[in-house]
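Trainee: got a sequence here, can you build the structure:
(chains A, B, C, D and E)
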Amino acid sequence: MSDRVKEILSWYSSDNPGTRTNLARLLNHGTLSGTGKLVILPVDQGFEHGPARSFAPNPLGYHPHYHFELAIEAGCNAYAAPLGFIEAGAAEFAGRIPLILKLNNHDVLHDDKDPLSSVTGSVRDALRLGCVAVGYTIYPGSAHCTTMYQQLREIAEEAKACGLAVVVWSYPRGSALSKEGETAIDVVAYAAHLAAQMGAHIIKVKLPSAHLEQAAAKKIYDSEQIPIKTLPERVRHVVQATFNGRRIVIFSGGAKGEEKVFIEEVRAIRDGGGFGSIIGRNSFQRPKPEALKFLKTVIGTYSGEIP
Amino acid sequence: MSDRVKEILSWYSSDNPGTRTNLARLLNHGTLSGTGKLVILPVDQGFEHGPARSFAPNPLGYHPHYHFELAIEAGCNAYAAPLGFIEAGAAEFAGRIPLILKLNNHDVLHDDKDPLSSVTGSVRDALRLGCVAVGYTIYPGSAHCTTMYQQLREIAEEAKACGLAVVVWSYPRGSALSKEGETAIDVVAYAAHLAAQMGAHIIKVKLPSAHLEQAAAKKIYDSEQIPIKTLPERVRHVVQATFNGRRIVIFSGGAKGEEKVFIEEVRAIRDGGGFGSIIGRNSFQRPKPEALKFLKTVIGTYSGEIP
Amino acid sequence: MSDRVKEILSWYSSDNPGTRTNLARLLNHGTLSGTGKLVILPVDQGFEHGPARSFAPNPLGYHPHYHFELAIEAGCNAYAAPLGFIEAGAAEFAGRIPLILKLNNHDVLHDDKDPLSSVTGSVRDALRLGCVAVGYTIYPGSAHCTTMYQQLREIAEEAKACGLAVVVWSYPRGSALSKEGETAIDVVAYAAHLAAQMGAHIIKVKLPSAHLEQAAAKKIYDSEQIPIKTLPERVRHVVQATFNGRRIVIFSGGAKGEEKVFIEEVRAIRDGGGFGSIIGRNSFQRPKPEALKFLKTVIGTYSGEIP
Amino acid sequence: MSDRVKEILSWYSSDNPGTRTNLARLLNHGTLSGTGKLVILPVDQGFEHGPARSFAPNPLGYHPHYHFELAIEAGCNAYAAPLGFIEAGAAEFAGRIPLILKLNNHDVLHDDKDPLSSVTGSVRDALRLGCVAVGYTIYPGSAHCTTMYQQLREIAEEAKACGLAVVVWSYPRGSALSKEGETAIDVVAYAAHLAAQMGAHIIKVKLPSAHLEQAAAKKIYDSEQIPIKTLPERVRHVVQATFNGRRIVIFSGGAKGEEKVFIEEVRAIRDGGGFGSIIGRNSFQRPKPEALKFLKTVIGTYSGEIP
Amino acid sequence: MSDRVKEILSWYSSDNPGTRTNLARLLNHGTLSGTGKLVILPVDQGFEHGPARSFAPNPLGYHPHYHFELAIEAGCNAYAAPLGFIEAGAAEFAGRIPLILKLNNHDVLHDDKDPLSSVTGSVRDALRLGCVAVGYTIYPGSAHCTTMYQQLREIAEEAKACGLAVVVWSYPRGSALSKEGETAIDVVAYAAHLAAQMGAHIIKVKLPSAHLEQAAAKKIYDSEQIPIKTLPERVRHVVQATFNGRRIVIFSGGAKGEEKVFIEEVRAIRDGGGFGSIIGRNSFQRPKPEALKFLKTVIGTYSGEIP
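Mentor: Predicted structure coming up:
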């Protein structure tokens, strides 16, 4: 086991050996094994946005095995999905890639300014499906945040007792925030901190912009001259806000965009001390050979092979 | 064990020896050990106000171990924080300072005139992390007070059965109160009494102003000529309102302010018969040497070393 | 994943993906990863025979970390031990080698013609310690077999629901059997079959002799001319008796003996279609360099590198 | 659905529709579907007598799939086996033949004058494996009958609540009975009645001899001149003793014997109003083509095709 | 916190921070605070031997407060007793000395060659009474060892989840052992190892003699020339047998004897690397001033003040 992985595990000193074992499995799988960096393939967009919006660009993605294969072939650290997609392949791909069961999900047939995801799986599901972790999404800023935080609390307590790791998607949204504010640096840093305070082992946030949403926060960013102009600076600030880098923070890729820009962002995450990326649509919406090439570039950037 | 601590413990005669043991641990730790006075370091501001607002003034505070160390070196009686911060250091600092796990927390990404904190930890979490007490915030005056009171009831019942102490932050807020009313003497005294009636062992309120918020109360304060002009008088009134001084009431420091004023307030708390202070931002937002010096002055004031 | 491992996993088609994942972890770890062969280091002899008898020949073995290290360095598939030994290293070695928590154990301070092991761990212990499997010993032939079978049933049901694998040590003993009968070919084949019928995923038996213990069985072995003269023949028969080879059967090495004989036996297990060895005293009672060399030979024999 | 099956189901009027549905599945499967007659293949002999004694005569039987295939190809109503054999094929053969999970079993490595089977499976196992019924063996006459009756009670209660059928093997044995008495007509009729009183839906007994074991019973058989001379008479008496034919009673074949005698017995069961046979060793110990021919004759006899 | 205590806590890496906190409380209390040595006062003799045999020599001991006071005044690390004695003083002495609730006890109104203690308290009792640990006695060698080991397993699992420490009294007794064998070095080392394997944090055994009880063990002690002639050698061997010194092993004093001999034994425990003593009758059966002087000598010997 690499020194870096040992160091990362040492941060989770209140967790039992089971949880530490599953964190080690995540960190020691795929091309980035042992580097302390993570690239995770998440495929919950069929639930979140609908199947056609998600899979029509590359119809192979309708097949649940496609994503297992993509994650394995690309050398990802893990594959994350809701119950149905995991159930549809967990037996066939048992032992081939760490799995993260997303325990809550949200669809847009009913949308809401103040979203509340539905719990669609359980810790026991995660155990019977051989997952290393459960995933849970919170929407700080939503009027329903209390409900989500409390569900997370119960899930996290049970998961930890069973030796699973807890991955929290922390996505600010809701009537209290402007659209721009959802990725404002003060808001993203706050969202990452909230997830860490609720006991998450791995935290996923969106890449922050230089926008400052909250007046009270802006005052401090200005007076303390917190460096947030460049993306690496903002990543560094989010990592600092997450227990001074003692919790794993990864960043999501957002909608499919230009590859060059995306790799630039990955480099910024790496240079800012971020732990990796969770890349959905940018992976599975491309033709497979292109996706593999793309993920190879991302992973190579994290490993340092690509400068 | 000092006579004063014995006397204080005697007020909690319905509690089991476990809870009394944990109260004793709180009272017998740190520089104020045995005096019956308490200075507690609370660090929930990252959750409540956001990480940058809380820690940018002294970036060492981003590191979860910093606060354990600060509380230990300053000779505080206890350190209070949400789940994540406690989990991030409880193993490394096991046995070095009494811990209070804050079981509910509120963030300002979604704020509300009538706030409702989210439950983010459990009594079982407090046991597995070795805490002496659980903390819980109520907002008397909020439209959601019923929910909060009921959650508190359940948590307190379980905590007491497990031998833990219950610390209640009682902060009047909500659409029914004016901003000034939140610290009005009638409201603060009422809030302290409410917490005591709900079974809190230790009650934390804000320092009250001489303002009187409620007309019906004002009538009595006037007719009975309750002395509330000076801060010591108001502290004495709050202590009286809290079972005639038979429950531990401590006062919070609020935002970082001028040191001289702060120490003046501490002296008022002491002279009014208050039991101590819970000091967050005024501690961890200063450079550490300054913070230690500051807390030494506070503690010295409570111990009487400083007149 | 190798075709052989896929084939083996296919036999466990009633098991959930969690259990199959943990079986895959066992089969895909160490030098024999992917071959479908297993060499496991078990260290329960301190409990079963006493510490001096177990560890005095190589006093490094008193230290619980020694066995984790030995299993890792030797390239074993897994390390199996009772609760105490696992607890004493599971955090330090998290993620470095699959662990099997032995859930019952027997000591010889009180021995009995009809032995009954004590349950000394739980499925929840296995989860919190990050184990891939639970282990349980039955003594077919003991007057207490009903108790043991029923405990196994409960443990196996819970373990399977939680996605763990079940390893059964099936050691015929008891007043109904002669000493020679404990390793008689009819008895060992029967014991392996019993464990499989009770739902074990992996079955550990002793190497059988050509002796036939039960008159009713002897009649059939004679009339059907079942070949049991050579050790490979007997291994083949045990494997056949265990669902025609569709359950993993491994063989134990017994007391420390001559290396040449031992390797001969390993070759016989391999040639008879056995799945591997579980080697305790022959490993940890030798000086470490010798033990590593010895295990390398065993593993090389299974992998086919050594003919 | 045939009138006969409707009639049979009407006898189980206290059972919930789930249990009746599963009884219907049993009665409406295989060649005898709809006739109200049953031929069941049970393969628990590997557990009960050992693998070689059971499968060496026809080594295909070591493979767990063989028995599923045999039962399906022969047109049996159901296949009954212990946990391991069912787990080893339930997924592959899902939906192809009704399954009965035998929940207790007994081995002869430790035998006893007063036998007590071990519980080796659960109602929840039966549900997860898709079984229509659970099977349980009682040994009336054993000193341990109280334990067995109580286990049966609990299992039957749970099975019925879950909509499963309960099949009871009622085999008189124990120190209180002579060897001849185990199949005495008074004893067998009594055993069948006991199982029915304990709530069995389907009862399996051995074919009774004309011997009368119990003096007190003999007096009545003599005085009332109960006809028990011929096998059909004895079968009719057993059926009568089992709630006047309102519970399904089937008869077991015992050790492999001469085919002609066996078919004669089947005819007697049919003519005496018995509901069918449960045929293990006489089926799976023959070469498959022979077994299929044999079972075809048995089934043809029950259906009436063969007079 | 001293380096030695930090080192000791590091051995319990699978335990949650709660358990580590309570171990720290034990190690950091009394005169030996921080040294890694322990002197514990146990008073269960009233239950185990009867009140007159226990307390008539010093009738102050009939009063439950006497023992709290004795332990506090003598500077012991902890006081251990059954439920009644703890309940009779836990409130009065809350927070003054760490308490260990003995969860099983045995009386001699009914004695037995193969003793089985009765469970007389619970983990929840320990929590409500403010204890740092639960105590449990096993009698390896007793025919009832299976029952005791299984009770211990359940208690230890619950205690650890609640953040309590587990102290095991491991006293070989029973029909399988000679009287001399109960303190034979091979047996005592074995008993200490068994308790550690069952997950005890602190293990209490009797001081071993040079006798060797078990023939199979004797062979190894002879061939490996394990040094067991002197008491320090034997203590060292027991410590080694208990996970190479990575579990706390303390020794009991036995019946009241000559002080000089006793102190000699304490010196041997210290010099052999033992962690301390648990001293009952030798403490509370003396007049208090004498007892305090005696315990001061013991403690001074452990601290090294007395050579």
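Trainee: what count of nearby residues applies to A:Lys204?
Mentor: 28 (other C-beta atoms under 10 Å in any protein chain shown). The C-beta positions use only the backbone N, C-alpha and C, and glycine is treated the same way.
Trainee: where does the residue lying closest to A:Ala126 once chain neighbours are set aside land in three-state SS?
Mentor: Closest residue to A:Ala126 apart from its sequence neighbours, by C-beta to C-beta, 6 or more residues apart in numbering or on different chains: A:Leu101 at 4.3 Å. Assigned state for A:Leu101: strand (three-state reduction, DSSP: H, G, I helix; E, B strand; the rest coil).
Trainee: ok, A:Leu101 - contacts?
Mentor: Residues near A:Leu101 by C-beta atoms under 8 Å, 6 or more residues apart in numbering or on different chains: A:80-83, A:86, A:121, A:125-126, A:129, A:131, A:133-135.
Trainee: how about the residues of the stretch 201-307 of chain A that lie near chain E?
Mentor: Nowhere does the stretch 201-307 of chain A come near chain E, counting by C-beta under 8 Å from any C-beta of the partner chain.
Trainee: please, where are all the strands along the stretch 201-307 of chain A?
Mentor: Taking DSSP state E, counting those that start in this stretch, the strands of the stretch 201-307 of chain A run over residues A:202-206, A:248-252, A:276-278.
Trainee: what pairs with the last one, and is each one parallel or antiparallel?
Mentor: By that I understand strand A:276-278. Sheet pairing of strand A:276-278 (DSSP bridges) gives strand A:38-42 (parallel), strand A:248-252 (parallel).
Trainee: in it, what's buried?
Mentor: A:Gly276, A:Ser277, A:Ile278 (16 or more other C-beta atoms under 10 Å in any protein chain shown).
Trainee: how close does the second one sit to chain D?
Mentor: If I follow you right, that is A:Ser277. Remark: distance between A:Ser277 and chain D (C-beta to the nearest C-beta, to the nearest Å) = 37 Å.
Trainee: just the first one next, same as before
Mentor: Going from A:Gly276 to chain D by C-beta to the nearest C-beta gives 37 Å.
Trainee: which ones are touching that residue?
Mentor: A:Leu32, A:Lys37, A:Leu38, A:Val39, A:Ile40, A:Asn77, A:Ile248, A:Ile250, A:Phe251, A:Ile269, A:Tyr302.
Trainee: so where is the stretch 51-200 of chain A shaky, pLDDT-wise?
Mentor: Applying pLDDT under 70 to the stretch 51-200 of chain A picks out no residues at all.
Trainee: can you name the residue of it nearest to chain C?
Mentor: Closest residue of the stretch 51-200 of chain A to chain C, C-beta to the nearest C-beta: A:Gly95 (2.4 Å).
Trainee: for the closest residue to that residue other than its chain neighbours, phi and psi?
Mentor: Counting by C-beta to C-beta, 6+ apart, C:Ala24 is the residue found nearest to A:Gly95 once chain neighbours are left out, at 2.4 Å. With angles defined as degrees, to the nearest 10, C:Ala24 sits at phi -60, psi -40.
Trainee: is A:Gln214 in contact with A:Val187, as I believe?
Mentor: Yes: counting by C-beta atoms under 8 Å, A:Val187 is a contact partner of A:Gln214 at 7.1 Å.
Trainee: more neighbours: these two, which one.
Mentor: A:Val187 (29 against 23).
Trainee: what about A:Pro208, distance to A:Ser277?
Mentor: 14 Å (C-beta to C-beta, to the nearest Å).
Trainee: ok, A:Ser283 - contacts?
Mentor: Counted by C-beta under 8 Å, 6+ apart, A:Ser283 has contacts A:Leu41, A:Leu70, A:Ala74, A:Ala291, A:Phe294, A:Leu295.
Trainee: measure the third one to A:Leu129 for me?
Mentor: Right, A:Ala74. Look at A:Ala74 and A:Leu129: by C-beta to C-beta, they are 21 Å apart.
Trainee: near chain C, which residues of chain A show up?
Mentor: Contact residues (C-beta under 8 Å from any C-beta) of chain A with chain C: A:1, A:5, A:9, A:16-25, A:27-28, A:90-91, A:94-96, A:124, A:127-131, A:161-163.
Trainee: buried among the residues you listed? Make that a ChimeraX selection.
Mentor: Only the buried entries of the residues of chain A next to chain C go into this ChimeraX selection, using 16+ other C-beta under 10 Å:
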select /A:1,5,9,16,17,18,19,20,21,22,23,24,25,27,28,90,91,94,95,96,127,128,129,130,131,161,162,163
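Trainee: looking at the residues of chain A next to chain C, which are in strands?
Mentor: Here DSSP state E is the test, and the residues of chain A next to chain C give no hits in strands at all.
Trainee: ok, the contacts of A:Gly276 vs D:Gly46, which is closest?
Mentor: Distance ranking of the contacts of A:Gly276 against D:Gly46, using C-beta to C-beta, places A:Asn77 first at 44.2 Å.
Trainee: what about that closest one, neighbour count?
Mentor: So A:Asn77, with other C-beta under 10 Å, has 28 neighbours.
Trainee: and for A:Glu233?
Mentor: Residues near A:Glu233, counting by other C-beta under 10 Å: 18.
Trainee: do the one 3 residues further on as well
Mentor: The local packing count at A:Arg236 equals 21, with neighbours defined by other C-beta under 10 Å.
Trainee: quick check, central residue of chain A?
Mentor: A:Lys204 (3.5 Å; C-alpha atoms, centre = their mean).
Trainee: show me what contacts that one?
Mentor: A:Val167, A:Val168, A:Trp169, A:Ser170, A:Val249, A:Ile250, A:Phe251, A:Ser252, A:Ile278.
Trainee: what bridges to it?
Mentor: A:Trp169, A:Ile250.
Trainee: and it, how far from A:Ala71?
Mentor: 16 Å.
Trainee: tabulate the strands of the stretch 201-307 of chain A in CSV, adding columns for distance to C:Phe243 and mean pLDDT.
Mentor: Formatted as CSV, these follow (distance: least, C-beta to C-beta, whole Å; pLDDT from 0 to 100):
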stretch, distance to C:Phe243, mean pLDDT
strand A:202-206, 41, 98
strand A:248-252, 43, 96
strand A:276-278, 42, 97
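Trainee: wait, doesn't A:Tyr302 sit right on A:Ser33?
Mentor: No: using C-beta under 8 Å, A:Tyr302 is not in contact with A:Ser33, being 11.7 Å away.
Trainee: looking at those two, which one has more neighbours?
Mentor: Neighbours per residue (other C-beta under 10 Å) separate A:Tyr302 from A:Ser33, with A:Tyr302 holding more: 24 against 18.
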